[in-house]
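J.: I'd like to go over a predicted model; first the sequence, then the structure.
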Amino acid sequence: MLFHPDWRDRALAALDTAPGSGPGEPFDLVIVGGGITGCGVLLDAAQRGLRVLLIERGDIASGTSSRSSKLIHGGLRYLKQMQFRVTRQACRERDRMLTLDPDLVRAIRFLYPAYEGASTPGWQVDLGLWMYDQLTAGPSSRARFDADEARALAPGLNVEHLDRALSYIDAMADDAALTLAVAATGFAYGGLVLTRAEVVGPVREPDGRLAGLDVRDLLSGRVHRARARLVVNAAGVWVDRVRALCGIDEARLRPSRGSHLVLPAERLRLEAAVTAPSPDDGRPIFLIPHPEGVLVGTTDMFHHGDLDDPRPSGEEVAYLLRATAFHFPEHHITEADVVGAFAGLRPILSSGVTDPSEASREEAIWEERGLLTVAGGKLTTWRQMAEEAVDAALHHLPDPLVEHLAPCHTRGTPLVGLAPLDLDRRLAAAFRLEPAVASGMARRLRAAAWWAPELARRMGELRPLADGTDLTAAEVRVHLRLGAVVRLEDLLLRRARLGLWQPALARELAPSLRPLFRQELGWSRRRFDQELETFQQAAVGWTPEGVTK
């Protein structure tokens, strides 16, 4: 959020107008990939004083970074796999985000029910939580509850044969909003961002070293040249595709898929998130309450299908439903209760393991003749990954340039849009908004929520667009002006997130947004109709009907 309205024009103006044009001023770094890693590198590099451009074929966070479990956590299960470095780094970065951006990253209590005879006994879980605490700054968050206390936090929880109910604190965030905030902060420090732009080929020096990329603007169809001293490949699960485009054929990644279900909040009212072992294989399953619904996930299996549109399988849906039914038998949750389903792909480095859950989540950085690739890692550790990537990049940039750069400052930098934690109350009082509307605005827009009442053309634009949602026309106007929205799906899938939590309602509501896109972005009827068709197709991948059989 908080992109200047001409953000895209600025990026295009900085490119050569055509591949055959004369040499322009090269960027110090050109980053490929608008997920959390690429956006982190953008911010870190721009803050140090580098001239940097980020190129993204889709939207900011349109890949893995909008399809996660929404958790900012150390990864408790990584302790069992002895991945202490990953867990330590993630705990530290989680605590940093809770301190710097508490309106974006929020602490949440987790409940872990351990049962008699489980593959991971309760004492082991208790020991793991003790170790987890040792990696975390501040006082211990561990607690132990009896059956009644556990059911007060998670009504309907199965307490038959309960050995112990353990509790700990982690954090959660809207992953797409976090990624956009990182990108917007990088933009505020002078970095340029160009979404809906596809890399079509490498630019090489006479000695064969990479010297930039030819890029097609997917809106105009024109090809531009982005000259660079170094290209950073931060394309997530597509890093091997970018490497192949640059003439490097050896694959380094083996993506794994994590699928999630969305349940209505009223079907499973939780006062705390639940981490519970699957009755099938003992893997931990999350049931996480959000204001919009309950997120159930995740699975972990190697992915062999399309990278661009991953879908949950029927087997994965059944797996998650069995876990939900086992731990909450009184609620009788079935497939009919599922309102949304989606899958994301993890950029896991190939290591020869046969079980994806055993694969390391550590990142790797390597250079190949002008192409610096960053792969692996976690949503939580974006600052650490970005710092390591830019540090590595500096070894491949001219010494006179590097000598005048600032050190890394991201560890103490809040993200743009920081807002008070009681912003919803302030909005409701100042503009007489419904509490639900004020809460939704504050949650999704953060500081930019103050713009919504100012942009409303009439009082009706401060009321929900439809029953069952807190989204208003005034909020949509803010997203369109300041949120780097290029496509209709950018708004509904990643800014307002209606396509995630209520995909059926998003598809029903979408046609009514035509006047807002015309007034704010100048779209013609034809353009909107094309976008509407594209969105309706994309939205299927977030619905139960998009599940593969």
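T.: Thanks, I have the structure now.

J.: got any ranges where this protein has weak pLDDT?
T.: For the chain, the stretches flagged by pLDDT under 70 are 1, 17-24, 77, 79-82, 138-139, 352, 354-361.

J.: so what's residue 337 closest to, chain neighbours aside?
T.: Distances taken as CB to CB, 6 or more residues apart in numbering place residue 267 nearest to residue 337, at 5.2 Å, with adjacent residues excluded. (Each C-beta comes from the backbone N, C-alpha and C, glycine too.)

J.: quick one, what contacts that neighbour?
T.: 294, 331, 333, 337 (CB atoms under 8 Å, 6 or more residues apart in numbering).

J.: now with 7 Å?
T.: When contacts are counted by CB atoms under 7 Å, 6 or more residues apart in numbering, residue 267 touches 331, 333, 337.

J.: count of residues packed around the residue nearest to the second one when sequence neighbours are not counted?
T.: Leaving out its chain neighbours, the residue that sits closest to residue 333 by CB to CB, 6+ apart is residue 324, at 4.9 Å. Other residues near residue 324 come to 25 when the count uses other CB atoms under 10 Å.

J.: Mind telling me what element residue 324 is part of?
T.: helix 314-327 (DSSP states H and E).

J.: in that helix, what counts as buried?
T.: Residues of helix 314-327 classed as buried: 316-317, 319-321, 323-324, 326-327 (neighbour count, 16 or more other CB atoms under 10 Å).

J.: and that helix, what does it pack onto?
T.: Other helices and strands packing on helix 314-327, by 3 or more CB pairs under 7 Å, 6 or more residues apart in numbering; DSSP states H and E, are strand 256-263, strand 273-277, strand 284-290, strand 293-297.

J.: most surrounded residue in the contacts of residue 267?
T.: residue 333 (24 neighbours).

J.: Give me the helices and strands touching the helix or strand hosting residue 85, please.
T.: Per DSSP H and E: residue 85 is located in helix 84-100. If you count contacts as 3+ CB pairs under 7 Å, 6+ apart, helix 84-100 packs onto helix 76-80, strand 162-172, helix 382-394.

J.: what distance separates it from the centre of its chain?
T.: In terms of CA atoms, centre = their mean, to the nearest Å, the centre of helix 84-100 is found 17 Å from the chain centre.

J.: packing partners for the next helix or strand after it?
T.: Following helix 84-100 in sequence order, the next helix or strand is strand 106-115 (DSSP H and E). Judged by 3+ CB pairs under 7 Å, 6+ apart, strand 106-115 is in contact with helix 122-134, helix 147-153, strand 162-172, strand 273-277.

J.: highest average neighbour count across those?
T.: Across the helices and strands packed on strand 106-115, averaging neighbours per residue (mean count of other CB atoms under 10 Å) puts strand 273-277 on top, at a mean of 23.

J.: Adjacent strands (with direction) for it?
T.: strand 106-115 (parallel), strand 284-290 (antiparallel) (DSSP bridges).

J.: quick one, which of the ones you listed is nearest to residue 303?
T.: strand 284-290 (19.0 Å; CB to CB).

J.: okay, the angle between the closest one and strand 162-172?
T.: Interaxial angle, strand 284-290 versus strand 162-172 (axes from the mean of the first three to the mean of the last three CA atoms, to 10 degrees): 60 degrees.

J.: Extract the C-alpha trace of strand 284-290 and format it as CSV.
T.: Output of strand 284-290 as CSV, limited to C-alpha atoms (Å, rounded to 0.1, in the frame of the first residue of the first chain):
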residue,chain,number,x,y,z
PRO,A,284,1.0,-30.9,12.5
ILE,A,285,-2.1,-29.3,11.0
PHE,A,286,-3.0,-25.7,11.7
LEU,A,287,-6.5,-24.4,12.3
ILE,A,288,-6.1,-20.6,12.4
PRO,A,289,-9.0,-18.1,13.2
HIS,A,290,-9.0,-14.9,11.2
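
J.: just to revisit the earlier point, among the contacts of residue 267, which one sits closest to residue 256?
T.: The closest of the contacts of residue 267 to residue 256 turns out to be residue 333 (CB to CB; 25.5 Å).

J.: And the strands in the stretch 351-500 of the chain?
T.: Ranges of strands in the stretch 351-500 of the chain, per DSSP state E, counting those that start in this stretch, are 364-368, 371-375.

J.: Out of the ones you listed, which one sits most buried?
T.: Among the strands of the stretch 351-500 of the chain, highest average neighbours (mean count of other CB under 10 Å) belong to strand 371-375, with a mean of 25.

J.: and that one, which strands flank it?
T.: Sheet pairing for strand 371-375, using DSSP bridges, gives strand 223-233 (parallel), strand 364-368 (antiparallel).

J.: quick check: angle from it to helix 382-394?
T.: Regarding strand 371-375 and helix 382-394, their directions subtend 160 degrees when assessed with the same axes, to 10 degrees.

J.: Work out the gap between strand 371-375 and the centre of the chain.
T.: Distance, stretch centre to chain centre, for strand 371-375: 20 Å (CA atoms, centre = their mean).

J.: Skipping adjacent residues, who's closest to residue 285 in space?
T.: Nearest to residue 285 is residue 323, by CB to CB, 6+ apart, at 4.4 Å.

J.: what residues are up against that neighbour?
T.: Going by CB under 7 Å, 6+ apart, residue 323 touches 276, 278-279, 285.

J.: With residue 330 instead?
T.: residue 156.

J.: where do the helices sit along the stretch 301-450 of the chain?
T.: When assigned using DSSP state H, counting those that start in this stretch, the helices of the stretch 301-450 of the chain occupy the ranges 314-327, 382-394, 399-403, 423-431, 435-445.

J.: of all those, which lies closest to residue 366?
T.: helix 382-394 (8.5 Å).

J.: Figure out how far that closest one is from the centre of its chain.
T.: With CA atoms, centre = their mean, you get 19 Å for helix 382-394.

J.: Just want the angle from that helix to helix 84-100.
T.: Using the same axes, to 10 degrees: helix 382-394 against helix 84-100 is 110 degrees.

J.: Report all helices and strands that helix 382-394 contacts.
T.: Looks like helix 382-394 contacts helix 36-48, helix 84-100, strand 223-233, strand 364-368, strand 371-375 (3+ CB pairs under 7 Å, 6+ apart).

J.: looking at the ones you listed, which is buried most?
T.: helix 36-48 (a mean of 30).

J.: Could you point out the helix or strand that follows that helix?
T.: For helix 36-48, the following helix or strand on the C-terminal side (DSSP H and E) is strand 52-56.

J.: Just give the strands next to the following helix or strand past that following strand in its sheet, each with its orientation.
T.: Remark: after strand 52-56, the chain's next helix or strand is strand 71-72, criterion DSSP H and E. Note on strand 71-72: by DSSP bridges, its sheet partners are strand 162-172 (antiparallel).

J.: Mind exporting the C-alpha coordinates of the partner strand to PDB?
T.: As requested, the backbone C-alpha atoms of strand 162-172 are provided in PDB (Å, rounded to 0.1, in the frame of the first residue of the first chain):
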ATOM      1  CA  LEU A 162      -6.000 -36.100  26.000                       C
ATOM      2  CA  ASP A 163      -2.600 -36.400  27.600                       C
ATOM      3  CA  ARG A 164      -2.000 -32.700  27.900                       C
ATOM      4  CA  ALA A 165      -3.000 -29.400  26.200                       C
ATOM      5  CA  LEU A 166       0.000 -27.200  25.600                       C
ATOM      6  CA  SER A 167       0.100 -23.600  24.500                       C
ATOM      7  CA  TYR A 168       2.600 -21.100  23.000                       C
ATOM      8  CA  ILE A 169       2.700 -17.800  21.200                       C
ATOM      9  CA  ASP A 170       3.500 -17.200  17.600                       C
ATOM     10  CA  ALA A 171       2.400 -14.600  15.000                       C
ATOM     11  CA  MET A 172       0.300 -14.200  11.900                       C
END
